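Asker: One predicted model, sequence on top.
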Amino acid sequence: MTLADTRCVPQSRQDDCSSMAQQTEDRFKVSPGPGMASFSLPSLLYSSAVRGVLYQAALLLLVVACGYYLYENVTSNLESQGIATGFGFLDESAGFDIGESLIAYDSANTYARALAVGILNTLTVSACGIALATLLGGMIGIMRVSTNWFAAKFSSAFVEVVRNVPVVLHVIFWGAFLRNLPGPRQSFSLGDGVFLNNRGLIFAVPEYNPIYAWVGAALLVALCASIAYGRYAMRHREKTGRQLPTVLPVLAMLTGLPLLVWASGGFPLQWDTPVFRGFNFRGGSLLSPEFIGLLIGITVYTAGFIAEIVRAGIQSVPRGQIEAARSLGLRPGWIMRYVTIPQALRVIVPPTTSQYLSLTKNSSLGVLIGYPDLVNVGNTTLNQTGQAVEAIAIMMTVYLLISLTISLFMNIYNQAIALKER
């Protein structure tokens with residue numbers, strides 16, 4: 001018995017009944033779902049998902065083939081020239097000196113230790129540059145939105161000049177400027193025990209004492225305690241609406257605990273003061289003109305971009321938020337600290353991360369003024385050993401790891417300060 005049964009007796013309606021029956025059968029017919037799709041070759045080729053997988057597989061095979069071809073080409077050319085491949089050269093004696101090193105090094109050490117010296121020098125100038133560029137760029141960025149005419153104009157001129165001069169010229173200018181300072185006999189005295197000449201910046205440092213290690217540990221503990229107290233004060237303010245004092249307690253922790261540890265050792269403090277003898281200063285510590293020139297160049301250049309990022313972040317905060325804070329009677333400093341900056345950071349942090357990465361990579365320009373960074377030491381190693389592929393691979397890997405590390409920490413910080421809906 002079909003759906004077109006004897007109820008459709010009138011001849012004039014038989015066609016209509018037949019069409020209705022056919023539509024009903026089509027409605028109840030099971031159509032193939034996603035898991036029941038036909039696996040015929042034409043249907044697969046017309047599937048966008050399948051085509052996407054095929055395109056990616058083809059691209060991967062092409063990249064692997066090109067890489068294999070390049071590897072074979074480089075290997076055959078090196079073998080034809082009698083150049084051995086591999087990283088065995090790292091255990092050989094370097095045979096060259098490095099003028100600036102954070103660890104003990106001489107020409108008898110291996111290439112691996114020489115490259116370690118270059119890596120540490122790169123990390124040092126990059127870390128100092130990131131810290132100083134953040135402070136300088138943040139200050140200039142806040143001055144850009146200041147109502148003070150001189151501060152606004154000065155910061156605007158700074159940004160326009162700095163950003164429109166290539167970073168290479170920044171580094172070369174400061175390197176040449178420091179090298180053209182007077183000699184040690186005509187040094188500029190910048191204070192008690194601080195001198196500046198064409199040999200660099202010479203300053204007095206405390207002589208080592210075992211208690212200083214404990215003072216440093218106490219400072220680290222005080223820093224962690226300050227961060228914990230700051231978080232507690234923030235949660236207390238969010239729950240009760242009352243602000244706990246933070247500046248004085250944090251200063252007390254950061255200074256009090258190290259002072260107590262220092263006092264337990266009898267306040268030992270003896271300065272190693274530089275003294276001019278013969279043709280140069282003896283004693284103290286020295287920052288080379290190459291290090292200072294590179295640091296100033298990349299710091300000033302990056303600070304100009306960070307200043308614009310800070311200005312854009314501050315101006316992205318809705319005006320109504322600031323007006324509401326003023327209507328509550330908050331002081332300008334509190335408005336900037338508790339209203340403007342927390343909302344501006346979500347705009348400031350991502351592009352600032354890119355500037356940190358650029359500063360780290362720009363530190364390789366130290367080779368132009370003789371700073372012994374990773375690129376400088378790597379190029380010397382390359383020229384002496386002929387291991388061009390290995391030396392460049394080491395430099396690429398180190399810069400890649402540094403960049404990924406900076407990105408990781410900045411992404412963690414960005415998630416921590418992100419505004420969360422309640």
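Answerer: Cool, got the structure.
Asker: all contacts plus neighbour counts: C-alpha atoms, from now on.
Answerer: Fine.
Asker: how near is Ile227 to Glu79?
Answerer: 58 Å (C-alpha to C-alpha, to the nearest Å).
Asker: Run a quick neighbour tally on Gly241.
Answerer: Counted by other C-alpha atoms under 10 Å, the residues lying close to Gly241 total 10.
Asker: separation between it and Ala228?
Answerer: 19 Å.
Asker: before we move on, what about Asn379?
Answerer: 46 Å.
Asker: Likewise for Asn180?
Answerer: With distances taken as C-alpha to C-alpha, Asn180 is found 48 Å from Ala228.
Asker: residue ranges with poor pLDDT in this structure?
Answerer: 1-45, 419-422 (pLDDT under 70).
Asker: hmm, 50 instead?
Answerer: For the chain, the stretches with pLDDT under 50 are 1-9, 12, 28-31, 34-37.
Asker: show me where it has strands.
Answerer: Using DSSP state E, the strands of the chain run over 188-191, 194-197, 200-203, 205-206, 271-272, 275-277, 280-282, 285-287.
Asker: Just name the most buried of the ones you listed.
Answerer: strand 200-203 (a mean of 22; mean count of other C-alpha atoms under 10 Å).
Asker: Okay, now the sheet partners of it, with direction.
Answerer: Sheet pairing for strand 200-203, assigned by DSSP bridges, gives strand 194-197 (antiparallel), strand 285-287 (antiparallel).
Asker: Which residue ranges of the stretch 51-200 of the chain form helices?
Answerer: 111-144, 149-163, 167-179 (DSSP state H, counting those that start in this stretch).
Asker: Including distance to Phe87 and mean neighbour count, could those go into CSV?
Answerer: Below are the helices of the stretch 51-200 of the chain laid out as CSV (distance: least, C-alpha to C-alpha, whole Å; neighbours: other C-alpha atoms under 10 Å):
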stretch, distance to Phe87, mean neighbour count
helix 111-144, 10, 21
helix 149-163, 41, 16
helix 167-179, 32, 18
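Asker: Redo the ones you listed as CSV? Include distance to Arg282.
Answerer: Converted to CSV, these look like this (distance: least, C-alpha to C-alpha, whole Å):
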stretch, distance to Arg282
helix 111-144, 23
helix 149-163, 37
helix 167-179, 20
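Asker: of these, which approaches Ile392 most closely?
Answerer: Closest of the helices of the stretch 51-200 of the chain to Ile392 is helix 111-144, at 11.7 Å (criterion: C-alpha to C-alpha).
Asker: the inter-axis angle of that closest one versus helix 149-163?
Answerer: Helix 111-144 runs at 150 degrees relative to helix 149-163, counting by axes from the mean of the first three to the mean of the last three C-alpha atoms, to 10 degrees.
Asker: which helices and strands does helix 111-144 pack with?
Answerer: Packing partners of helix 111-144 (3 or more C-alpha pairs under 8 Å, 6 or more residues apart in numbering; DSSP states H and E): helix 149-163, helix 289-315, helix 341-362, helix 374-385.
Asker: Quick check: which of the ones you listed is buried the most?
Answerer: Most buried among these, counting by mean count of other C-alpha under 10 Å: helix 289-315, with a mean of 24.
Asker: just to revisit the earlier point, could the strands paired with strand 200-203 be laid out in JSON lines, adding distance to Gly333?
Answerer: Below are those laid out as JSON lines (distance: least, C-alpha to C-alpha, whole Å):
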{"stretch": "strand 194-197", "distance to Gly333": "35"}
{"stretch": "strand 285-287", "distance to Gly333": "37"}
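Asker: Tell me which of these sits nearest to Val221.
Answerer: Across those, Val221 has its closest neighbour in strand 285-287 (27.6 Å, C-alpha to C-alpha).
Asker: Show residues contacting the closest one.
Answerer: Gly200, Leu201, Ile202, Phe203, Ala204, Val205, Pro274 (C-alpha atoms under 8 Å, 6 or more residues apart in numbering).
Asker: please redo it, this time with the cut-off set to 10 Å
Answerer: Residues outside strand 285-287 that contact it (C-alpha atoms under 10 Å, 6 or more residues apart in numbering): 100, 194-196, 199-206, 272-274.
Asker: Over to stretch 398-405?
Answerer: For stretch 398-405, the external contacting residues (C-alpha under 10 Å, 6+ apart) are 119, 122-123, 126, 353-354, 356-358, 360-361, 364, 374, 392, 394, 397, 407-408, 410-411.
Asker: Roughly how far does Val247 sit from Met253?
Answerer: From Val247 over to Met253 (counting by C-alpha to C-alpha), the distance is 10 Å.
Asker: should've said Ala388
Answerer: For Ala388, the distance to Met253 - C-alpha to C-alpha - is 52 Å.
Asker: and these two? which has more neighbours close in?
Answerer: Met253 (19 against 16).
Asker: quick one, what contacts that one?
Answerer: Ala218, Leu219, Val221, Ala222, Leu223, Cys224, Ala225, Ser226, Leu259.
Asker: What residues does the last one make contact with?
Answerer: For Leu259, the residues meeting the contact criterion (C-alpha under 10 Å, 6+ apart) are Val215, Ala218, Leu219, Met253, Gly265, Phe267.
Asker: Just give me the neighbour total for Ala49.
Answerer: Neighbour tally, Ala49, other C-alpha under 10 Å: 10.
Asker: Asn164 too?
Answerer: Neighbours of Asn164 using other C-alpha under 10 Å come to 10.
Asker: wait, isn't it in contact with Tyr301?
Answerer: Yes - between Asn164 and Tyr301 there is a contact under C-alpha atoms under 10 Å: 9.3 Å.
Asker: From what I see, Ala112 and Leu374 are in contact.
Answerer: No - counting by C-alpha under 10 Å, Ala112 does not reach Leu374; the two are 11.6 Å apart.
Asker: Need the residues touching each of these two.
Answerer: Contacts common to Ala112 and Leu374, judged by C-alpha under 10 Å, 6+ apart, are Gly118.
Asker: nearest spatial neighbour of Gly175, skipping sequence neighbours?
Answerer: Once flanking residues are discounted, Gly175 sits nearest to Gly293: 4.5 Å by C-alpha to C-alpha, 6 or more residues apart in numbering.
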